[in-house]
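Chemist: Coordinates only, no sequence provided:
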């Protein structure tokens, strides 16, 4: 029964905690498993971390004492400490970007009972001159549908807290907890901390904008491929704001036109473009298009003979592009092919020239 005797309620909580410690751990693991599965099935995108913990019982007592004890006893309202520790089981979800937080929240709201929601992002941003941890906190419980499943039934009555943060907010929270005496910190230190907090917020925003800009460039490269055109026409294909110098996105646009069914992996594209620029620092995407347009027919003939002679080998689009570049400017791109590949290609070219 609830009471106003703190020492008695502290002992009761210790007994409750010790008797159910194993259950709390199993519930935490189950909650993590459910959330991870839901996020994987959604269109949220990459989430960098889903982790959990069971709050130490001493920390639970400290939290109750700090936040609730005085008011409850002042109001002469009997209590049980366990009823006021909503984060005894805690789950943390760290997203790459701030705008993923709302999407994660929506997914959780569809599949769990919502006990309470605390938006620390809005709380900090709406207070002038404030600094501190930002994130979204949700107190949840298993839905009736989940609780009815035998494997989750033991955890039906256990609530848990989910903290949803961006990667930048998570980093700031670590530093924020190291800042002592926040309420009475000197003004000069407060200003410096506010500047630092603003830089973190700006980083969060810029990461999101860079992601959006990157996605737009990739869409231009893959959804709006260049049409068959002469090399001269291709010099006008640069859209507003794009550099003429070859980069990963313009490479994708050109290469994707010639190899429509091939999936170019981002890290390989990045490395390949750097290989080109090491040999030709002023290389433009129009030049890439011209080199492929003029030489792809010959390279495809060569690759067909190459694979017929050696069926166990491969001749990837990257290999084709290397051969096209070599044909286009063998002096500049002398090292774009290995010595063995270059010599074999030259033998084939000589044989074709002799036949003609």
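Modeler: It's in. Nothing here was measured: the structure is a model prediction, and the numbers come from that model. Numbering: from 1, shown residues only.

Chemist: Okay, strands next: where are they in this protein?
Modeler: Using DSSP state E, the strands of the chain run over 47-54, 89-95, 112-119, 136-142, 160-166.

Chemist: got the buried residues for the third one?
Modeler: Of the residues in strand 112-119, those with enough neighbours to count as buried (16 or more other C-beta atoms under 10 Å) are 112, 119. Placement of C-beta: from N, CA and C, glycine included.

Chemist: what packs against it?
Modeler: With contacts defined as 3 or more C-beta pairs under 8 Å, 6 or more residues apart in numbering; DSSP states H and E, strand 112-119 has these neighbours: strand 136-142.

Chemist: Switch the strands of the chain over to a markdown table; also include mean pLDDT.
Modeler: Below are the strands of the chain laid out as a markdown table (pLDDT from 0 to 100):
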| stretch | mean pLDDT |
| --- | --- |
| strand 47-54 | 94 |
| strand 89-95 | 96 |
| strand 112-119 | 92 |
| strand 136-142 | 94 |
| strand 160-166 | 95 |
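
Chemist: Throw these into TSV and include distance to residue 294, thanks.
Modeler: Shown next, in TSV, are the strands of the chain (distance: least, C-beta to C-beta, whole Å):
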stretch	distance to residue 294
strand 47-54	45
strand 89-95	46
strand 112-119	59
strand 136-142	55
strand 160-166	47
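
Chemist: quick one: low-confidence ranges for the stretch 151-300 of the chain?
Modeler: 180-184, 221-243 (pLDDT under 70).

Chemist: Do a quick rundown of the helices in it.
Modeler: Per DSSP state H, counting those that start in this stretch, the stretch 151-300 of the chain carries helices over the ranges 167-176, 187-222, 231-234, 248-258, 266-279, 285-309.

Chemist: Buried deepest among the ones you listed, which one?
Modeler: Among the helices of the stretch 151-300 of the chain, helix 248-258 has the highest mean neighbour count (mean count of other C-beta atoms under 10 Å), at a mean of 22.

Chemist: Who are the packing partners of that helix?
Modeler: If you count contacts as 3+ C-beta pairs under 8 Å, 6+ apart, helix 248-258 packs onto helix 187-222, helix 266-279, helix 285-309, helix 317-328.

Chemist: Which among those is found nearest to residue 164?
Modeler: Nearest to residue 164 among those is helix 187-222; the distance by C-beta to C-beta comes to 13.5 Å.

Chemist: tilt between that closest one and helix 167-176?
Modeler: Interaxial angle, helix 187-222 versus helix 167-176 (axes from the mean of the first three to the mean of the last three C-alpha atoms, to 10 degrees): 160 degrees.

Chemist: Would you mind putting the helices and strands packed on helix 248-258 into TSV with distance to residue 42 alongside?
Modeler: What follows is the helices and strands packed on helix 248-258, written out as TSV (distance: least, C-beta to C-beta, whole Å):
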stretch	distance to residue 42
helix 187-222	17
helix 266-279	22
helix 285-309	36
helix 317-328	32
